[in-house]
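*Asks:* One predicted model, sequence on top.
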Amino acid sequence: MTAQPPVPAPDGPVLLLGGTAEARALAAALHDAGVDVLTSLAGRVRAPARPAGRVRIGGFGGAEGLRRYLVAERVRLLVDATHPYAVTMSGNAVAAAAAAGVPLLRLARPGWDARPDAAGWHWVPGHREAAALAARLGRRPLLTTGRQTLADYAGLADRPAVVRLVEPPDRPLPADWTVLLDRGPYRLEDELLLLRRHGIDVLVTKDSGGRYTSAKLDAAAALGIPVVVVARPAHPAGAGGTDGTGGTGSTGSTGSTGSTGSTGSTGSTGSIDGTDGTEPVTAVDAVDAAVRWVIDRLAGDRAAR
Ligand SMILES: NC(=O)c1ccc[n+]([C@@H]2O[C@H](COP(=O)([O-])OP(=O)(O)OC[C@H]3O[C@@H](n4cnc5c(N)ncnc54)[C@H](OP(=O)(O)O)[C@@H]3O)[C@@H](O)[C@H]2O)c1
């Protein structure tokens with residue numbers, strides 16, 4: 001039998017699935033540390049904030065396309081730092097990393113459910129439920145749930161909703177609706193002004209977490225405006241993975257109390273069983289923990305060579 005040449009160890013970049021403030025912070029930290037980091041953006045936003053390091057834009061063509069990309073680019077580590085509601089991309093990352101044998105880290109910020117006011121919010125499992133509840137709670141809703149799910153809010157067409165979006169809507173909206181094009185970070189005084197100026201009497205939001213867009217919640221609390229929250233979808237790796245145990249944290253919480261058991265902790269690390277029993281996905285909820293994981297894995301690879 002002829003000897004097979006050894007398969008060379010991957011020597012390509014750390015591929016970072018981005019589109020979030022945390023992904024940009026992680027790219028900056030890794031770039032500063034001299035790591036070859038390549039951020040991938042979906043291409044939904046026309047002028048995205050550009051992360052440090054290399055950037056590619058556009059889909060991969062499903063899980064199989066991503067697997068091929070990981071192999072072709074000799075990607076050493078994959079970091080999924082997409083938004084907690086970007087579950088298709090996260091599912092593809094889990095499948096492709098397992099198939100290509102590339103270690104995967106999930107970086108997801110904690111949700112807002114540990115905030116003291118979260119117990120008074122109205123938690124719903126989806127956007128249609130949010131629309132139905134908002135219709136009962138107020139006449140002038142502020143919708144901050146993003147462009148892609150606006151069709152689910154058609155039931156609010158009979159009232160003067162205000163819709164805040166990063167990009168213009170891709171379809172016509174009801175005539176009475178007002179579109180505000182803006183992107184975070186937002187300040188409390190501006191959010192108070194917005195709510196007062198438009199006479200907003202119910203706020204609809206996702207449980208995005210982080211500080212970038214949380215001032216609207218402080219403003220709603222200050223003005224006694226009810227808040228409808230669309231709970232996080234279950235993470236494709238099997239868990240929210242941000243509570244240090246691999247447990248679900250706030251993921252999939254649909255209760256009306258807003259009490260979900262998430263610790264809201266930062267800097268914790270957990271592991272999530274891979275969907276097919278392969279290497280577990282490591283999960284962290286803070287950028288510095290993600291930096292440490294990447295640096296440690298790269299150092300371990302170097303030592304093994
Ligand atoms: N969903 C939200 O609420 C939200 C909020 C803020 C920011 N974002 C960011 O916006 C982007 C799109 O989110 P989404 O909810 O539309 O995603 P999604 O529904 O989970 O993904 C749909 C498809 O978009 C492509 N895609 C998504 N993220 C990508 C990335 N980082 N790089 C390359 N391709 C990507 C993939 O296409 P292929 O199958 O062709 O690879 C994926 O299958 C993500 O980067 C996310 O972090 C999302």
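*Replies:* That came through, no problem. Residues are numbered from 1 along each chain as shown.
*Asks:* Contact partners for the residue of the stretch 201-305 of the chain at minimum distance from the ligand?
*Replies:* In the stretch 201-305 of the chain, no residue comes nearer to the ligand than residue 206, which is 6.0 Å away by Cβ to the nearest ligand atom. No exception for glycine: its C-beta is placed from N, CA and C like everyone else's. Counting by Cβ atoms under 8 Å, 6 or more residues apart in numbering, residue 206 makes contact with 84, 85, 144, 145, 146, 229, 230, 232.
*Asks:* so the second one makes contact with residue 234?
*Replies:* This means residue 85. No. The pair residue 85 and residue 234 does not pass the contact test of Cβ atoms under 8 Å, sitting 11.1 Å apart.
*Asks:* Of the two, which one has the most company?
*Replies:* Using other Cβ atoms under 10 Å as the criterion, residue 85 and residue 234 rank with residue 85 on top: 17 against 13.
*Asks:* Need the phi and psi values for the more buried one.
*Replies:* Phi and psi for residue 85, reported as degrees, to the nearest 10, are phi -100, psi 0.
*Asks:* what's the helix or strand for the closest residue to residue 139 other than its chain neighbours?
*Replies:* Sequence neighbours aside, residue 159 is the residue nearest to residue 139 in space, at 5.4 Å (criterion: Cβ to Cβ, 6 or more residues apart in numbering). Assigned by DSSP states H and E, residue 159 belongs to neither a helix nor a strand.
*Asks:* how would you label the residue of the stretch 101-250 of the chain found nearest the ligand: helix, strand or coil?
*Replies:* Relative to the ligand, the nearest point of the stretch 101-250 of the chain is residue 146 (4.9 Å; Cβ to the nearest ligand atom). Following DSSP: H, G, I helix; E, B strand; the rest coil, we place residue 146 in the coil state.
*Asks:* Surely it is in contact with residue 167?
*Replies:* No. In this structure residue 146 lies outside contact range of residue 167 using Cβ under 8 Å: 9.5 Å.
*Asks:* So for these two, which residue has more residues nearby?
*Replies:* Using other Cβ under 10 Å as the criterion, residue 146 and residue 167 rank with residue 146 on top: 20 against 13.
*Asks:* and that one, what does it touch?
*Replies:* With contacts defined as Cβ under 8 Å, 6+ apart, the neighbours of residue 146 are 85, 165, 206.
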